[in-house]
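Participant: Build me a structure from this.
(2 chains)
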Amino acid sequence: MKDKLFKSFLFAAAGLVLLLAGGMFYSLVGGSVNAFRHFGLVDFITTADWNPRTGEERYGALSFISGTLFTALFALLLCIPFSLPVALFNGEYFKGKKIAVAASSIVDLLAGIPSIVYGLWGFYTLRPLIVSSGLNEQGFGILTASVVLAIMIIPYASSLSTEFISMVPNDLKEGAYSLGATNLEVIRRVSLPIAGSGIFAAYILALGRALGETMAVTMLIGNTNNIPTSLFDTGNTMASIIANQFGEADGLKLSSLIAIGLLLFLITAGINSIAKLVMRKILH
Amino acid sequence: MGFKSDIKYRSAADKVFFGVICFFTALTMVPLFLILWELLKKGYKQFNVNLFTEVAPTSMDAMLAKMSSELIPGGVLNGITGGLLIIVVAIVIAIPIGIMAGIYLADNPKGIFSGSVRYLADLVQGTPSIVIGIIAYAWVVKPLHSYSALAGSVALAIMMLPLIIRSTEETLKMLPASLKEAGLALGASYTNVVIKILLPSAFGGLFTGILLAISRIMGETAPLMLTALGASIINWDIYKPTSAIPLLIWEFYQNPNLVDLIWSSSLLLLLIILTLNLTAKSIARKWKIQ
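Facilitator: Here you go, the predicted structure:
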């Protein structure tokens, strides 16, 4: 009897997760209905207007969607030359050695630094560098935001890639070594091809992180409501427009911001599902 | 393609590649030290007892201090107490649910229900913190008609929950099955086996998971902006707006008179997080768990 009660508590706790996720989706949809009804779902996604003037109110998410994809994808590109070597260092060359443990703990600490501290560092250290290099007058923009984002997602990309690289069976590598292959050849022809889809999943997950990152991006991207056309352009991401304007918004604007939140939720959910699918294929 | 046959070329390429790997790995660690250095260099002057004993100064006080080129008075006490309040309430919400759901998943590894719980927990974990802020705003701030510590706690609890579920499940799965079987064979009820045998044996793993989850949410700013909002006084009422260190850093950053305080408060925040993080990992190593 007591056991049955206890088990039903456990079941209820697990069921609460379903309710939580369902409730999140329901609330986001409920909050954005007003905006979608007013502007139309497709129009909301494909217009770049952001005009809060009463009477001419017109909101669309396109500038923010493009700003988000632009910064996140560029950050992902920038993080590869760092996270891949870290993964090879820890998962291949020094697998299981003390130095790899030390290196991976230090890189993992990067994930512990709060977004707002990254933002401050980007604002006071990186931005002046970009200004003095003459790339950009104010130092704000896609480039600055992406560089900081790239540093922020390195630990996510590298720790998972390390795991997949170190899962490559030793017999295969030893086979190649016994045929006279060098380390580099083993990595190129054995380890990377085998761990490839796992590494791909790791980068997809890192991309998901980058898409939703808020504070650091808000402090560095320049906060202008336009579709960014170059790396030096300023813009806004979906997360940064919410952070900037949610506090004083009401009515149609609030609903539009929640709609942007819903889109962001769906995009990250899709990205994470793809990564999970890829990983499930590898592990089975 | 095919192997380049020249052995000299091949071993040279191998060495160069190894050098490149080491170089970029080392380079990746540089930002951590650059950031720490920047915080120490700019924050040490303001990093004093006042930081822990006084609330954030008003813009006026800070301006007067700056004009007479003194140190800015005040600290982040309201952020420390507020953060504590918000996090303790978040822990109270997230830990019982998280641990129970984790036990359920460890006990029922297969099936559509467990599969979807796991999938949705991952989905919630991947949800951007600002979106979770919107959720907590809709669930708590709007019905109560006020920003509150409670709303902040709900947001942070949602972020902690998947981490705790995952670490509970993983830790319980690593316990030998004989432990549970021995308990049941001795006639202990399932409830007793879980509470008196499994959970105590898994304590190290659970504790580590909880510490890591706390260190993950300590620095969150975005969800708190939409929920706890911030307050200039010490507040212990969960229904009132409350500050936290990240919120104070954000306020200081936007106020030219207070901006000098960002470094010491960031340094404090980072030290707390890194300590939590390293403590959790050293416990994990002692208990031989991942």
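Participant: can you list the residues that contact the helix or strand containing A:I45?
Facilitator: Counting by DSSP states H and E, the element that carries A:I45 is helix A:41-46. With contact meaning Cβ atoms under 8 Å, 6 or more residues apart in numbering or on different chains, helix A:41-46 is reached by A:35-36, A:59-62, A:65, A:256, A:259, A:263. (Each C-beta comes from the backbone N, C-alpha and C, glycine too.)
Participant: Buried residues of it, list them for me.
Facilitator: A:44-45 (16 or more other Cβ atoms under 10 Å in any protein chain shown).
Participant: gap between the next helix or strand after that helix and the chain center?
Facilitator: Per DSSP H and E, the first helix or strand lying C-terminal to helix A:41-46 is strand A:50-51. Taking Cα atoms, centre = their mean, to the nearest Å, one finds strand A:50-51 lying 26 Å from the centre of the chain it belongs to.
Participant: Count the neighbours of B:G187 for me.
Facilitator: 7 (other Cβ atoms under 10 Å in any protein chain shown).
Participant: can you pull out the helices in the stretch 1-150 of chain B?
Facilitator: Remark: helices assigned in the stretch 1-150 of chain B by DSSP state H, counting those that start in this stretch are B:7-43, B:49-53, B:59-67, B:77-107, B:112-126, B:129-136, B:142-144, B:149-174.
Participant: which of those is buried the deepest?
Facilitator: Ranked by mean neighbour count, these are led by helix B:129-136 with a mean of 28 (mean count of other Cβ atoms under 10 Å in any protein chain shown).
Participant: Who are the packing partners of that helix?
Facilitator: The contact analysis (3 or more Cβ pairs under 8 Å, 6 or more residues apart in numbering or on different chains; DSSP states H and E) places helix B:129-136 against helix A:2-39, helix A:192-212, helix A:238-245, helix A:251-283, helix B:149-174, helix B:222-225.
Participant: Could you confirm whether the third one reaches chain B?
Facilitator: Yes: figure legend: helix A:238-245 in contact with chain B (Cβ under 8 Å from any Cβ of the partner chain); contacting residues A:239, A:242-243.
Participant: Secondary structure element holding the spatially most central residue of chain B?
Facilitator: Nearest to the geometric centre of chain B sits B:R216, at 1.7 Å (Cα atoms, centre = their mean). Taking DSSP H and E as the criterion, the element that holds B:R216 is helix B:203-218.
Participant: How about that helix, which residues are buried there?
Facilitator: B:204-218.
Participant: Those also near chain A: which ones?
Facilitator: Among those, chain A is touched by B:215-216, B:218 when using Cβ under 8 Å from any Cβ.
Participant: Of these, which is the nearest to chain A?
Facilitator: Chain A has its nearest neighbour among these in B:S215, at 6.1 Å by Cβ to the nearest Cβ.
Participant: so what's that closest one closest to, chain neighbours aside?
Facilitator: B:L276 (3.9 Å; Cβ to Cβ, 6 or more residues apart in numbering or on different chains).
Participant: for A:L10, same thing?
Facilitator: Nearest to A:L10 is B:Y104, by Cβ to Cβ, 6+ apart, at 4.1 Å.
Participant: ok, that neighbour - contacts?
Facilitator: B:Y104 sits in contact with A:10-11, A:13-14, B:114, B:117, where contact means Cβ under 8 Å, 6+ apart.
Participant: And it, what's its pLDDT?
Facilitator: Looking at B:Y104, its pLDDT reads 97.
Participant: what's the residue of the stretch 51-200 of chain B found nearest chain A in contact with, if anything?
Facilitator: At 2.4 Å from chain A, B:P128 is the closest residue in the stretch 51-200 of chain B, using Cβ to the nearest Cβ. Contact partners of B:P128, counting by Cβ under 8 Å, 6+ apart, are A:211-214, A:239, A:264-265, A:268.
Participant: rerun at 6 Å
Facilitator: Residues in contact with B:P128 (Cβ atoms under 6 Å, 6 or more residues apart in numbering or on different chains) are A:212, A:239, A:264, A:268.
Participant: And A:R209, by the same measure?
Facilitator: Going by Cβ under 6 Å, 6+ apart, the list of residues near A:R209 reads A:153, A:156.
Participant: ditto for A:T214
Facilitator: A:239, A:243, B:130, B:222.
Participant: quick check, nearest of these to B:G75?
Facilitator: Each of those was checked against B:G75 using Cβ to Cβ; the closest is B:A222, at 23.7 Å.
Participant: Run through the stretch 151-290 of chain B and note the low-pLDDT ranges.
Facilitator: B:288-290 (pLDDT under 70).
Participant: Near chain A, which residues of it? Just list them.
Facilitator: Proximity of the stretch 151-290 of chain B to chain A (Cβ under 6 Å from any Cβ of the partner chain) is limited to residues B:189-191, B:219, B:221-222, B:226, B:246, B:249, B:262, B:266, B:273, B:277.
Participant: okay but A:I142 is in contact with A:T229, surely?
Facilitator: No: shown here, A:I142 and A:T229 do not form a contact pair, counting by Cβ atoms under 6 Å, at 9.6 Å.
Participant: out of the two, which sits in the busier spot?
Facilitator: Per other Cβ under 10 Å, whichever of A:I142 and A:T229 has more neighbours is A:I142, with 27 against 11.
Participant: Could you tell me which residues make contact with the more buried one?
Facilitator: A:70-71, A:228, A:231, A:233.
Participant: mind redoing it with 7 Å?
Facilitator: A:70-71, A:74, A:221, A:228, A:231, A:233, A:235 (Cβ atoms under 7 Å, 6 or more residues apart in numbering or on different chains).
Participant: Filter those down to just the ones in helices.
Facilitator: The helices, defined by DSSP state H, take in A:70-71, A:74 from the contacts of A:I142.
Participant: out of these, which is most surrounded?
Facilitator: Counting by other Cβ under 10 Å, top hit in the ones in helices among the contacts of A:I142: A:T71 with 33 neighbours.
Participant: so how far is stretch A:85-103 off the chain centroid?
Facilitator: 24 Å.
Participant: Now do it: distance from first to last residue.
Facilitator: 12 Å (Cα to Cα, to the nearest Å).
Participant: Name the nearest residue to A:S32, sequence neighbours excluded.
Facilitator: Per Cβ to Cβ, 6+ apart, closest to A:S32 is A:A259, 3.4 Å.
Participant: Am I right that the one you found is in contact with A:H38?
Facilitator: No: using Cβ atoms under 7 Å, A:A259 is not in contact with A:H38, being 10.0 Å away.
Participant: Between those two, tell me which one has more neighbours.
Facilitator: A:A259 (26 against 16).
Participant: mind listing what's buried in stretch A:20-37?
Facilitator: A:20-21, A:24-25, A:27-28, A:31-32, A:34-36.
Participant: swap in stretch A:188-202?
Facilitator: Residues of stretch A:188-202 classed as buried: A:190-192, A:194-195, A:198-202 (neighbour count, 16+ other Cβ under 10 Å).
Participant: could I get those as a markdown table with distance to B:A284?
Facilitator: Below are these laid out as a markdown table (distance: Cβ to Cβ, whole Å):
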| residue | distance to B:A284 |
| --- | --- |
| A:V190 | 31 |
| A:S191 | 27 |
| A:L192 | 29 |
| A:I194 | 28 |
| A:A195 | 25 |
| A:G198 | 23 |
| A:I199 | 25 |
| A:F200 | 28 |
| A:A201 | 24 |
| A:A202 | 21 |
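Participant: What sits closest to B:S266 if chain neighbours are left out?
Facilitator: That would be A:V117: by Cβ to Cβ, 6+ apart, it lies 4.9 Å from B:S266.
Participant: Number of residues surrounding the one you found?
Facilitator: 28.
Participant: ok, now which ones touch it?
Facilitator: B:35, B:266, B:269-270.
Participant: what's the answer for A:M219, then?
Facilitator: By Cβ under 7 Å, 6+ apart, the neighbours of A:M219 are A:119, A:122-123.
Participant: cutoff 6 Å now
Facilitator: For A:M219, the contact set (Cβ under 6 Å, 6+ apart) comprises A:119, A:123.
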